[in-house]
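Novice: pasting the structure only:
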């Protein structure tokens, strides 16, 4: 079964928001061993929506749409679907009931029979919305299927779980099982992995599935998509892939097998080892802590951080001496180390990582231009270290790269010392 | 001129990454009074890429592609373009020179003549890449134009600036001027704005341009896209839109006219007023500080924060008494206020905002379920306040909503007290 997504959202094509529903749908389908074939984003006008549907109908059996179901006049999905199915929009008692119960769930009175949510194209089914007001839509047309969901990510996701999932479980016969076996590598560029490190690797892996290579901030993800007709066959292929990687010189660069984020790997390791940690963040401004606290369970090992943006805070909260800042500079290995030591002492934690650098666009110096960062590490009773890096990008990209580098330092030091 | 984007990225359709290039391109075009007509995302295989190009060719005059230009075997854009243009791929001295200079710029040796970057479909031009190795491609075909850029956001963006911008400036005759006039509102739901607050508003604004309504975390953005044949006409329409909003009861809900983010508005206001501020973040884990420090110039007014994830850190760094935490609960108005007061004193800042809540998925209590948050505010020598809210979503969504609510409190209090 081929699935396509039509994102109906002028605001995405105007850059006001970023589309998150493609990723949600992809993750949702992956768990069901299904794939998203393609995704189109069109503006909120009837002609464009219609053309998007027509185009996806050529290649897909099931089309999911996102957006254009709300109460305002730029919400056109229902009209387009009616014209597409060549059927009039009429009052539907069933739709009325669904809308009414959506409102009841959110403890708000339903505006009444004349509200747009009580009207539907004939032959279209209204879908309950467990997280919002607007009903979804379901239709069958010439042996193909449409599910129209609201664009708000929370509501889009609940439509998938509440309506697409049971439909797939009932109607889709599983033909094959699928898995993307991922290896996350560090400290080696994409070109080298499949070049001087192991020039045969791509070919060898390709015998087992589609190989892909995804460069990230400080490393490359290698993915091998394996398929089999049953779970056993899938497991055999997975083992064969792992065996190839185990015997490749690339092995020493692999820091994780699987799709977990670096912050998940860190929290899991810290929780397993009973380690406590925290950050003294200057130029990353809280991003390291934010990423760690996105992970459920992080409160067991992450104690807290000090965002020492101003120099006075480095002195008062982290006990970095003002003389050191003047003599060595605020972005220096010495200050980074002092920040890490100060944090470890004040929060009484095992691992402290500090970040001080120039995220730009202004600041920096000829010796330390924007993009320069010093990362300090203090492991209680064991070691104090620091690293200097030069990275590239605009302010927000630099913050991301600095944070990724700092989390890498934390992860490597936990592997080494915990 | 109609522009379309083809995003070539299996990793987006598999949910490994989120597409950021659509937003960048949209922002880029907006400055030039141009619009992105539609965007397709397809997998890295020849058939899908070809279908995507064909489909966009039907409606667009200029097609930009993102991705599939790298050195690995899943990079197929060049092959597809050759087959699409029905022309062979051959060695190109010009392409070789471009690739070589890309490598030189990044201080790496170019692998040599046999490298893929030295080969091009005949009639296609290689484009220099100021931020990466892979050259871009430019082609003309039946009066339409193709610009193929690498998918890495930094490289994609530099292709726009280095190559698309001069092309547009040279070849595109400006037919009309365009602007999206945006009003950001707070504390009123979308349905009410165009309903009980001002039921005539949508109609009145529609006389001046396309109206859109974009619900956000704690408010709604109203946009009116105005067009005119010259700058003067545009300015007149803008004034007319502003006059309508000034005379609407919606006015009291508007917190900003324009497209600035809340954190930008805060930093600008704080810098103008000479205010210092910071956060005591528990459940938001650094997100408030991260958002503020994304803004260039924030170091003038944002002094720093304490991420007091563990209770011990609330006690040691923010001087919240352990007894208060036990008697009132860690998520309580009293603890939120104590955190804000403690932060203001320790960092010596004017405005301190604290956040303590349950982001889930575990935790909470029958009285304070996951999604509950207390926000504390302390304005030096002026006021201490606190607010309790109940929000919805998964862990990361709750962190975002909590942070948005906290920034709203900070902004409103700056308007009131600074």
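Specialist: Ah, there it is. Given the structure is predicted, the values throughout are model-derived calculations rather than measurements.

Novice: so what are the domain limits for chain A?
Specialist: A:3-171, A:177-257, A:262-417 (automatic domain parsing).

Novice: Ranking the ones you listed by mean neighbour count, which comes first?
Specialist: Neighbour counts (mean count of other CB atoms under 10 Å in any protein chain shown) averaged over each of the domains of chain A peak at domain A:262-417, with a mean of 21. For glycine as for every other residue, the C-beta is placed from the backbone atoms N, C-alpha and C.

Novice: So what would you say the end-to-end distance of that domain is?
Specialist: End-to-end span of domain A:262-417 (CA to CA, to the nearest Å): 18 Å.

Novice: What is the distance between stretch A:122-142 and the centre of its chain?
Specialist: Mean-position distance between stretch A:122-142 and its chain equals 28 Å (CA atoms, centre = their mean, to the nearest Å).

Novice: Stretch A:53-61 now?
Specialist: 27 Å.

Novice: Tell me if that stretch is near chain B.
Specialist: Yes. Against chain B, stretch A:53-61 shows contacts by CB under 8 Å from any CB of the partner chain at A:55, A:59.

Novice: Show me the contact partners of that stretch.
Specialist: With contact meaning CB atoms under 8 Å, 6 or more residues apart in numbering or on different chains, stretch A:53-61 is reached by A:1-4, A:6, A:37-38, A:40, A:63, A:65, A:80, A:84, A:143-146, B:51, B:55.

Novice: Return the subset of the residues you listed lying in strands.
Specialist: Judged by DSSP state E, the contacts of stretch A:53-61 include A:3, A:4, A:6, A:37, A:38, A:40, A:63, A:65, A:144, A:145, A:146 as members of strands.

Novice: got the residues you listed as TSV, with pLDDT columns?
Specialist: Shown next, in TSV, are the ones in strands among the contacts of stretch A:53-61 (pLDDT from 0 to 100):
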residue	pLDDT
A:3	97
A:4	98
A:6	98
A:37	96
A:38	96
A:40	97
A:63	97
A:65	97
A:144	94
A:145	96
A:146	96
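
Novice: For residue B:352, state which of the residues you listed is nearest.
Specialist: Of all the ones in strands among the contacts of stretch A:53-61, residue B:352 sits closest to residue A:65, with 45.2 Å by CB to CB.

Novice: most distant residue from the middle of chain A?
Specialist: Distance from the C-alpha centroid of chain A peaks at residue A:323, with 42.3 Å (CA atoms, centre = their mean).

Novice: Give me the pLDDT value at that one.
Specialist: If you check residue A:323, the pLDDT there is 97.

Novice: got the residues of the stretch 301-418 of chain A near chain B?
Specialist: Going by CB under 8 Å from any CB, the residues of the stretch 301-418 of chain A near chain B are A:302-310, A:312-313, A:316-317, A:346-348, A:359-362, A:392-393, A:395-397, A:399.

Novice: taking these one by one, which sit in helices?
Specialist: Counting by DSSP state H, those place A:312, A:313, A:316, A:317, A:346, A:347, A:395, A:396, A:397, A:399 in helices.

Novice: Can you lay out these as JSON lines showing pLDDT?
Specialist: Shown next, in JSON lines, are these (pLDDT from 0 to 100):
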{"residue": "A:312", "pLDDT": "96"}
{"residue": "A:313", "pLDDT": "97"}
{"residue": "A:316", "pLDDT": "96"}
{"residue": "A:317", "pLDDT": "96"}
{"residue": "A:346", "pLDDT": "96"}
{"residue": "A:347", "pLDDT": "97"}
{"residue": "A:395", "pLDDT": "94"}
{"residue": "A:396", "pLDDT": "93"}
{"residue": "A:397", "pLDDT": "89"}
{"residue": "A:399", "pLDDT": "97"}
